[in-house]
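Asker: What would the 3D arrangement of this be:
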Amino acid sequence: MAKTKNKAAFTFTPDEIADVRATIEALRGKLTNLVAISPQQRRTMLKLGKGSIEFVQTIRRVVEEHRDLAPPAVDVARFLEVVSLFETLAEFEGPLVRLAESINDTRMIAGSEAMDTALILYGVLKPVSRTVPGLDVVIKNLKGSRFKKTRARAEGEPAASPAEVGV
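Answerer: Alright, predicted model coming up:
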């Protein structure tokens with residue numbers, strides 16, 4: 001059995017599922033101005049990474065104190081606006097990323113336990129599949145779709161274990 005057994009031992013009631021979905025939609029409703037960019041745009045745009053945040057924040061402080069030093073062609077108000085937007089979105093992003101990671105981790109644990117149990121049940125059902133009408137077809141389809149050979153085995157080589165076939 002997997003070491004993750006029972007680490008994700010809970011379920012959601014239909015009301016809880018509806019509440020979470022409604023909360024997600026409410027959050028989306030509050031963030032209607034968010035934009036999506038293409039992979040090409042993402043690759044080519046100038047990025048403000050972790051190492052540059054302090055640089056931008058320092059320039060902001062200097063410009064706030066000495067607006068007269070900025071050349072007329074630079075829209076200082078817009079600069080201050082996008083810096084503020086960046087910082088606000090970063091504040092939102094942190095907890096949402098941690099929440100998404102927790103959802104993903106919990107989903108992985110649940111999936112691991114589900115797969116572990118499914119493999120046990122498959123092992124039990126496979127030998128009796130010839131005696132239960134229709135089950136032989138189901139098992140044959142499962143075997144063909146889930147346990148595909150990854151390479152030809154040499155003569156005498158043992159069969160691949162579930163771990164070797166990605167189970």
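
Asker: confidence score at the residue lying closest to Val128 once chain neighbours are set aside?
Answerer: Leaving out its chain neighbours, the residue that sits closest to Val128 by C-beta to C-beta, 6 or more residues apart in numbering is Leu135, at 7.3 Å. No exception for glycine: its C-beta is placed from N, CA and C like everyone else's. pLDDT, Leu135: 91.

Asker: Looks like Leu135 contacts Pro127 (just checking).
Answerer: No - at 10.7 Å, Leu135 does not count as touching Pro127 under the criterion of C-beta atoms under 8 Å.

Asker: what ranges do the helices span in the protein?
Answerer: 14-30, 39-44, 50-65, 76-128, 135-146 (DSSP state H).

Asker: among those helices, which is nearest Lys7?
Answerer: Of all the helices of the chain, it is helix 76-128 that lies closest to Lys7, at 4.9 Å by C-beta to C-beta.

Asker: returning to what we had before: same list, the helices of the chain, but as TSV with distance to Ala8 and mean neighbour count please.
Answerer: Shown next, in TSV, are those (distance: least, C-beta to C-beta, whole Å; neighbours: other C-beta atoms under 10 Å):
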stretch	distance to Ala8	mean neighbour count
helix 14-30	15	10
helix 39-44	33	9
helix 50-65	32	11
helix 76-128	4	12
helix 135-146	22	12
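
Asker: between these, which gets the lowest average pLDDT?
Answerer: Looking at the helices of the chain, the weakest mean confidence is helix 135-146, a mean of 83.

Asker: residue furthest from the geometric center of the chain?
Answerer: The centre of the chain is farthest from one residue, Asp68, which by C-alpha atoms, centre = their mean lies 46.0 Å away.

Asker: Report pLDDT for that one.
Answerer: Confidence score, pLDDT, at Asp68: 93.

Asker: gap between it and Asp136?
Answerer: Asp68 is 84 Å from Asp136, where distance means C-beta to C-beta, to the nearest Å.
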